[in-house]
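Asks: coordinates for the following, if possible.
(one chain, ligands or ions: 1)
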Amino acid sequence: MNNGYEKTRQRMVEEQLIPRGVNDPAVLEAMAAVPRHLFVEEALRPQAYGDFPLPIGEGQTISQPYIVALMTQLLELQPHHRVLEIGTGCGYQAAVLAAMGAQVYTVERIKNLLARARRTFDRLHFFHILSKADDGTEGWPEHAPFDRIIVTASGPRVPEPLVAQLADPGILVIPVGDRDLQALTVVRKEGGEVTSRVAEQVRFVKLLGAHGWQHDS
Ligand code: SAH
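Replies: Next up, the predicted model:
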């Protein structure tokens, strides 16, 4: 992909990702390839590779590059995996997963954001990303089971439908906690057993919906 900002992207990988322990070569390669600046509005492009989250409209944010890379690494992704993402936002995380060869299904509750993300997918030729506007806490039962599930908004608990739609073996990564602080949680399903562990403390925008927060307050 040749969309400008290659050097800035490489510097992001070397200064923000590798020193903090992102070492999966496939993740680093995808982060160095996907043009993050094209997922944010024009005025914000020069800041797109900074070490912080950015607004994407509708009160939502795209996570800082390190958090995207960390969550992607925690998925232990293989190129053939079917991955469900909840919270498409601007589409950047979905594009990183698709660049790694995954078949991506992504769900976003805000129609405007999804429409914009879809235009960006088309423009960058990510034609194989499937998306819909809906409450992602219900998962996407028609396409289940998923080898991997990633939730990019934080809920009070792990939505039950997502655990049900996770393949065995499977990995689900989701920030869980209260409104101010969340634990990035890795749920594993293997041999019929579901276990979970906490990877890191993080701050995310809210997961709203039937199995998430009820009000955006
Ligand atoms: N992965 C995104 C991050 C977007 S922020 C990116 O790369 O840009 C999280 C997104 O989750 C927001 O767009 C928000 O609208 C969405 N969201 C919150 N609750 C949701 C739900 N129940 N179903 C689907 N999307 C949801």
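Asks: need phi/psi at Arg197.
Replies: Note on Arg197: its backbone torsions stand at phi -140, psi 160 [degrees, to the nearest 10].
Asks: okay, now the unreliable bits of this structure?
Replies: Within the chain, the stretches with pLDDT under 70 are 1-3, 217.
Asks: show me where the protein has helices.
Replies: In the chain, the segments counted as helices under DSSP state H are 6-12, 25-33, 65-74, 92-99, 111-123, 160-164.
Asks: how far away is the residue nearest the centre of the chain from the ligand?
Replies: Centroid-nearest residue in the chain, with CA atoms, centre = their mean: Gln93, separated by 4.2 Å. Applying CB to the nearest ligand atom, to the nearest Å, the value for Gln93 to the ligand is 4 Å. Where C-beta positions appear, they are placed from N, C-alpha and C, glycine not excepted.
Asks: in contact with that residue, which residues?
Replies: Gln93 makes contact with 63, 68, 71-72, 85, 150, 152, according to CB atoms under 8 Å, 6 or more residues apart in numbering.
Asks: quick check on these: which are buried?
Replies: Using 16 or more other CB atoms under 10 Å as the burial test, those include 63, 68, 71-72, 85, 150, 152 as buried.
Asks: pretty sure Thr61 contacts Leu44?
Replies: No. Using CB atoms under 8 Å as the test, Thr61 is too far from Leu44 to be in contact (11.1 Å).
Asks: hang on, the earlier thing: could you dump the helices of the chain to CSV with distance to Glu190?
Replies: Formatted as CSV, the helices of the chain follow (distance: least, CB to CB, whole Å):
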stretch, distance to Glu190
helix 6-12, 34
helix 25-33, 22
helix 65-74, 15
helix 92-99, 21
helix 111-123, 32
helix 160-164, 13
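Asks: ranking those helices by burial, who's on top?
Replies: Among the helices of the chain, helix 92-99 has the highest mean neighbour count (mean count of other CB atoms under 10 Å), at a mean of 25.
Asks: tell me the spacing between Val91 and Glu85.
Replies: Residue 91: Gly, not Val. Plainly put, Gly91 is 9 Å away from Glu85 if you go by CB to CB, to the nearest Å.
Asks: same question, Glu15
Replies: 26 Å.
Asks: returning to what we had before: out of the contacts of Gln93, who's near the ligand?
Replies: Within the set of the contacts of Gln93, contact with the ligand (CB under 6 Å from any ligand atom) is found for 63, 152.
Asks: spatially, which two of the contacts of Gln93 are the most separated?
Replies: Pairwise distances across those (CB to CB) peak at 12.2 Å, for the pair Ser63 and Glu85.
Asks: identify the contacts common to these two.
Replies: Common neighbours of Ser63 and Glu85 (CB under 8 Å, 6+ apart) are 93, 152.
Asks: hmm, back to that, who has more neighbours, Thr61 and Leu44?
Replies: Per other CB atoms under 10 Å, whichever of Thr61 and Leu44 has more neighbours is Thr61, with 19 against 15.
Asks: report the contact partners of the nearest residue to His215 once chain neighbours are set aside.
Replies: Nearest non-adjacent residue to His215, counting by CB to CB, 6 or more residues apart in numbering: Leu208, 7.7 Å away. By CB under 8 Å, 6+ apart, the contact list for Leu208 reads 109, 135, 153, 214-216.
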